[in-house]
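# After the sequence you'll find the predicted model.
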Amino acid sequence: MNHSQTPTDVRRPVLEVEDLSLRRVGSANPASLVQSVSFDVRHGECLALIGESGCGKTLTSMSVLGLLPSAISVAGGAVRLNGTDILGSSEAEYARIRGKSIGAIFQDPMSSLDPTMRIGDQIAESRRIHLGESRSDASRRAVELLDRVGITNAKSRLGSYPFELSGGMQQRVMIAAAIACEPDILIADEPTTALDVTVQAGVLDLLRTLQAELGLAVLLVTHDLGVVADFSDRLAVMYAGQIVERGATREVLDELPLHPYTKALSASVMQTARAHSILPTIPGRVPSADEMPLGCRFQKRCAFADPDRCSQPQEEVPVGHARTSRCVRVHEINNLEVLARA
């Protein structure tokens with residue numbers, strides 16, 4: 001990271017995704033798989049992109065990294081990193097960006113780390129490629145990074161292979177590799193899902209500390225509302241390839257979810273204070289790529305659906321300061337709920 005940034009640089013978003021649309025190659029459905037997704041992430045903050053499996057959040061993050069599968073094509077939009085549009089860059093250009101300007105942590109460290117390389121070499125490699133450091137300097141920096149992420153006896157661990165480490169230690173190695181060149185933004189895609197609860201808490205504490213120390217912008221991709229509540233500043237809720245609600249995390253999760261999907265998602269989280277209660281579920285499933293409707297994509301699963309109004313394309317409706325909901329009935333639904341509680 002460039003620590004000589006001016007105040008103007010800091011105020012500008014590190015990452016801006018604008019009207020991003022992704023389409024499945026060969027699909028006859030006019031509705032895009034990911035439809036007009038927009039968000040930004042600034043220095044020192046965490047934006048959580050949340051939703052159930054199949055909602056498009058990982059595809060969105062992979063488009064930022066230039067790692068979309070061959071079956072998915074970009075139908076439109078822009079992805080700006082520090083003001084420069086990188087969407088559609090060549091593989092050589094993406095290779096210069098990944099690791100240096102954008103760090104990435106993935107769900108399963110064992111499948112992301114090279115099993116044939118010692119962990120010290122995997123961390124040092126990024127600094128040698130992007131910063132031109134010598135092997136000895138990069139190795140010395142790798143020791144510092146391992147120590148920074150809480151790996152004990154860091155120097156002696158340089159020669160270890162990934163399979164010799166626990167899952168939590170592997171994830172810490174991935175974090176060390178991701179921040180090796182002090183990137184501007186860190187994309188964390190389900191970074192704690194494969195870990196047990198106590199290890200998960202330690203990894204989140206580590207990420208929080210590193211974010212504060214480095215001024216990192218973080219894009220957190222997850223379905224875990226507990227992680228979102230604990231770590232993010234703002235959130236964008238995705239459903240079937242669209243952002244259906246956005247706002248400050250505390251307002252959305254602690255006060256009042258506005259969109260019917262966010263309400264259902266929040267209600268599906270187990271309430272530990274309610275012993276022997278039945279956990280609510282959301283009926284149905286996320287529509288497949290060839291089933292995406294042109295109207296509200298949540299309509300078939302929504303308890304508040306109005307066949308006439310919800311069959312039309314839905315726009316994001318502003319609701320208060322920096323909050324939106326993609327629901328034509330948002331004011332009506334939430335006014336009714338307020339009256340019912342009075």
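On my side now, so go ahead.
# Number of residues surrounding the spatially closest residue to residue 225 that is not a sequence neighbour?
Ranked by Cβ to Cβ, 6 or more residues apart in numbering and with sequence neighbours excluded, the top spatial neighbour of residue 225 is residue 269, at 5.3 Å. C-beta coordinates here come from the backbone N, C-alpha and C atoms, glycine included. Using other Cβ atoms under 10 Å, residue 269 has 14 other residues around it.
# for residue 269, helix, strand, or coil?
Recorded secondary structure, residue 269: coil (DSSP: H, G, I helix; E, B strand; the rest coil).
# That one contacts residue 224, correct?
No: contact criterion Cβ atoms under 8 Å: residue 269 and residue 224 do not qualify, at 9.3 Å.
# the strands in this structure, which residues?
15-24, 34-41, 46-50, 72-81, 84-85, 102-105, 185-189, 217-222, 234-239, 242-248, 317-318, 324-325 (DSSP state E).
# Compare the ones you listed and give me the one nearest residue 301.
strand 234-239 (9.1 Å; Cβ to Cβ).
# in that closest one, what's buried?
234, 235, 236, 237, 238, 239 (16 or more other Cβ atoms under 10 Å).
# same for that strand, what does it pack against?
Other helices and strands packing on strand 234-239, by 3 or more Cβ pairs under 8 Å, 6 or more residues apart in numbering; DSSP states H and E, are strand 46-50, strand 242-248, helix 260-267.
# just for this structure, where's the confidence low?
1-11, 270-277, 336-342 (pLDDT under 70).
# in it, which helix has the most residues?
When the chain is parsed with DSSP state H, its longest helix is helix 197-214.
# so how far is residue 217 from residue 134?
30 Å (Cβ to Cβ, to the nearest Å).
# more crowded one of these two?
Between residue 134 and residue 217, residue 217 has the larger neighbour count (other Cβ under 10 Å), namely 24 against 11.
# ok, the more buried one touching residue 44?
Yes: the pair residue 217 / residue 44 is scored as a contact, 7.0 Å apart, by Cβ under 8 Å.
# circling back: make CSV from the strands of the chain and add distance to residue 152 to it.
Putting those into CSV (distance: least, Cβ to Cβ, whole Å) gives the following:
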stretch, distance to residue 152
strand 15-24, 34
strand 34-41, 32
strand 46-50, 27
strand 72-81, 35
strand 84-85, 40
strand 102-105, 21
strand 185-189, 23
strand 217-222, 25
strand 234-239, 34
strand 242-248, 37
strand 317-318, 50
strand 324-325, 46
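# Can you tell me which of these is nearest to residue 157?
So among these, strand 102-105 is nearest, using Cβ to Cβ, at 18.7 Å.
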